[in-house]
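In: Have a look; sequence and predicted model below, questions after that.
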Amino acid sequence: MSDVVLTPRPKVARVSTALVFAVHAAVFAAWTPHIPEVKDRLGLNDGTLGLALLGAPVGSVVAMLAAGGAIARWGSRRVVLLTFVAYALVSPALGFVPAPVWLFVALAFWGGFQGALDVAMNSQGIAVETAYGRPILSSFHAWWSAGAFVGVGIGALAVALGVDLRTQMIVFTVVLLLVAWPLTRGMFGDDRAVDEHKLGLPWRDRRVLLLGAVMFGGLLCEGAIGDWAAVYLRDTIEVPVGQVGLGYAVFAVMMFLGRVGGDGWVARFGPARVVGGLAAAGGIAFGVALVAGQFWLALVGFGVFGLGIACVVPVVFSSAAAQSDAHAGQAIAGVATAGWAGFLLGPPLIGLVSHATSLPLALGVLPVCCLGIAVAARSLRPAG
């Protein structure tokens, strides 16, 4: 591919979009260290906490498809700005809820704006990628990973200093409202649908269904590792408590590195080879680690597995926007909804299979998913 001479506008749009990805992730991640505090304040047990926490993903799934139509009509920049501001305004409610049911409601609204913002910023990312003429969407997701890391650190520091969730989220709201307009000002504002036929439901497109299945598998794996890696190391490998977090840490670091390098790999080898090859390698490595049952091999397995699914989300988004007859925002909403369904179902699926058999056997579902992704990766096409 020949070098493309870029005007400053695509570069500004790229920086703006990357920062929105990072800020979005940081705000959400900063809430997670406060969950035990909220649990104690509301007198929740593990079961009621789990039900309350379902509010965020439920709200996200409901909002995603609506966001696709909004983007098609008004453009992703306007939807990013609107949902970014709403996300900021709802955030403090998490610290003021008086009862479990209100925690669910607050998280549902918060999650709804998260999900809509996620679709809108990825749609903007596709517009920027199109302007660049080469793959760049993975870099935005690397910024997401970096933002989440920073957010967890901020939340953990706030907890250590005795700063409660209310104060933290009020500060975040003020900051977000101040930066919302400057961050979105540099984005592209002309990615609205030009034809009414592009406003149809994305699920009518078989290509979106297939790509949604790939996204479902990728996020099922990601959600399951997030919830079960530490439990596996503690209960099956029997490592000391201080080391149980290493599995997910290695997984997350390798996923971040995979997203940093993903754009270059996709440009050189193509999306099908990158996603298929990495997923196959990740599935095989993790499967071998489960069979071996050794600590260091487990860490290697988690790491290669993180690298293996690192590019699934950005590449599927790019491919959906390129292949679908629907507007890019609606195609992204379709596959994102499928992905969230996988993310939601992954942890309980592993739990149910583990209860009936064993945790290592249950986690064996994940290498099988990876091999399925490797086969289905043939459906992926370059963006643009």
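Out: Sure thing, it's come through.
In: in the stretch 151-300 of the chain, which spans are helices?
Out: Under the criterion DSSP state H, counting those that start in this stretch, the stretch 151-300 of the chain contains helices at 165-185, 206-235, 246-269, 271-292, 295-308.
In: Include mean neighbour count, mean pLDDT and distance to residue 116 when you put those into CSV, please.
Out: Heads up, the C-betas are built off the backbone N, CA and C, glycines and all. Putting the helices of the stretch 151-300 of the chain into CSV (neighbours: other Cβ atoms under 10 Å; pLDDT from 0 to 100; distance: least, Cβ to Cβ, whole Å) gives the following:
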stretch, mean neighbour count, mean pLDDT, distance to residue 116
helix 165-185, 17, 93, 14
helix 206-235, 22, 86, 17
helix 246-269, 20, 91, 22
helix 271-292, 22, 95, 26
helix 295-308, 23, 95, 27
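In: how about the ones you listed, which one is nearest residue 55?
Out: Closest of the helices of the stretch 151-300 of the chain to residue 55 is helix 165-185, at 15.4 Å (criterion: Cβ to Cβ).
In: From the contact counts, what lies against the closest one?
Out: helix 8-31, helix 76-90, helix 137-160 (3 or more Cβ pairs under 8 Å, 6 or more residues apart in numbering; DSSP states H and E).
In: how about 7 Å then?
Out: Helices and strands touching helix 165-185, by 3 or more Cβ pairs under 7 Å, 6 or more residues apart in numbering; DSSP states H and E, are helix 8-31, helix 76-90.
In: Adding mean neighbour count, distance to residue 283 and mean pLDDT, write those out as a markdown table.
Out: Shown next, in a markdown table, are the helices and strands packed on helix 165-185 (neighbours: other Cβ atoms under 10 Å; distance: least, Cβ to Cβ, whole Å; pLDDT from 0 to 100):
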| stretch | mean neighbour count | distance to residue 283 | mean pLDDT |
| --- | --- | --- | --- |
| helix 8-31 | 21 | 26 | 89 |
| helix 76-90 | 22 | 34 | 94 |
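In: Tell me which of those lies nearest to residue 276.
Out: Nearest of those (Cβ to Cβ): helix 8-31, 25.3 Å.
In: Residue ranges of each domain in this protein, please.
Out: 8-192, 200-379 (automatic domain parsing).
In: Put the alpha carbons of the helix or strand residue 35 falls within into CSV.
Out: Assigned by DSSP states H and E, residue 35 falls within helix 35-42. Presented in CSV, the C-alpha positions along helix 35-42 are these (Å, rounded to 0.1, in the frame of the first residue of the first chain):
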residue,chain,number,x,y,z
ILE,A,35,-18.0,-2.1,44.2
PRO,A,36,-17.1,-3.7,47.6
GLU,A,37,-17.9,-0.3,49.2
VAL,A,38,-21.3,-0.1,47.5
LYS,A,39,-22.0,-3.8,48.5
ASP,A,40,-21.4,-3.0,52.1
ARG,A,41,-23.3,0.3,52.1
LEU,A,42,-26.4,-1.4,50.6
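In: Just the angle for it relative to helix 8-31, thanks.
Out: With axes from the mean of the first three to the mean of the last three Cα atoms, to 10 degrees defining the directions, helix 35-42 sits at 50 degrees from helix 8-31.
In: so how far is helix 35-42 from its chain's centroid?
Out: Relative to its chain's centre, helix 35-42 lies at 25 Å (Cα atoms, centre = their mean, to the nearest Å).
In: what helices or strands is that helix leaning on?
Out: Counting contacts by 3+ Cβ pairs under 7 Å, 6+ apart, helix 35-42 packs against helix 100-132.
In: Would you mark the buried spots in the helix or strand residue 346 falls within?
Out: Residue 346 is part of helix 328-356, with elements assigned from DSSP H and E. Across helix 328-356, burial judged by 16 or more other Cβ atoms under 10 Å covers 328-344, 346-347, 349-351, 353-354.
In: hang on, the earlier thing: which among the helices of the stretch 151-300 of the chain is found nearest to residue 120?
Out: Closest approach to residue 120 among the helices of the stretch 151-300 of the chain (Cβ to Cβ): helix 165-185, 9.8 Å.
In: related to what we said a few turns ago, dump the helices and strands packed on helix 165-185 to JSON lines, plus distance to residue 188.
Out: Listed next are the helices and strands packed on helix 165-185 as JSON lines, based on distance: least, Cβ to Cβ, whole Å:
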{"stretch": "helix 8-31", "distance to residue 188": "5"}
{"stretch": "helix 76-90", "distance to residue 188": "6"}
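In: I'd like to know which of the ones you listed lies nearest to residue 148.
Out: Residue 148 lies closest, by Cβ to Cβ, to one member of these: helix 8-31, at 4.1 Å.
In: tell me the angle of the closest one relative to helix 165-185?
Out: Note on geometry: by the same axes, to 10 degrees, helix 8-31 and helix 165-185 are set 170 degrees apart in direction.
In: What about the residue nearest to residue 217 when sequence neighbours are not counted, how many residues nearby?
Out: Spatial nearest neighbour of residue 217, chain neighbours left out: residue 369 (4.4 Å); criterion: Cβ to Cβ, 6 or more residues apart in numbering. Residues within reach of residue 369, counting by other Cβ atoms under 10 Å, total 23.
In: still on that earlier bit, adding distance to residue 21, write the helices of the stretch 151-300 of the chain out as TSV.
Out: Formatted as TSV, the helices of the stretch 151-300 of the chain follow (distance: least, Cβ to Cβ, whole Å):
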stretch	distance to residue 21
helix 165-185	10
helix 206-235	16
helix 246-269	11
helix 271-292	20
helix 295-308	19
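In: Quick check: residue 276 touching residue 374?
Out: Yes. In this structure, residue 276 is within contact of residue 374 by Cβ atoms under 7 Å, at 4.5 Å.
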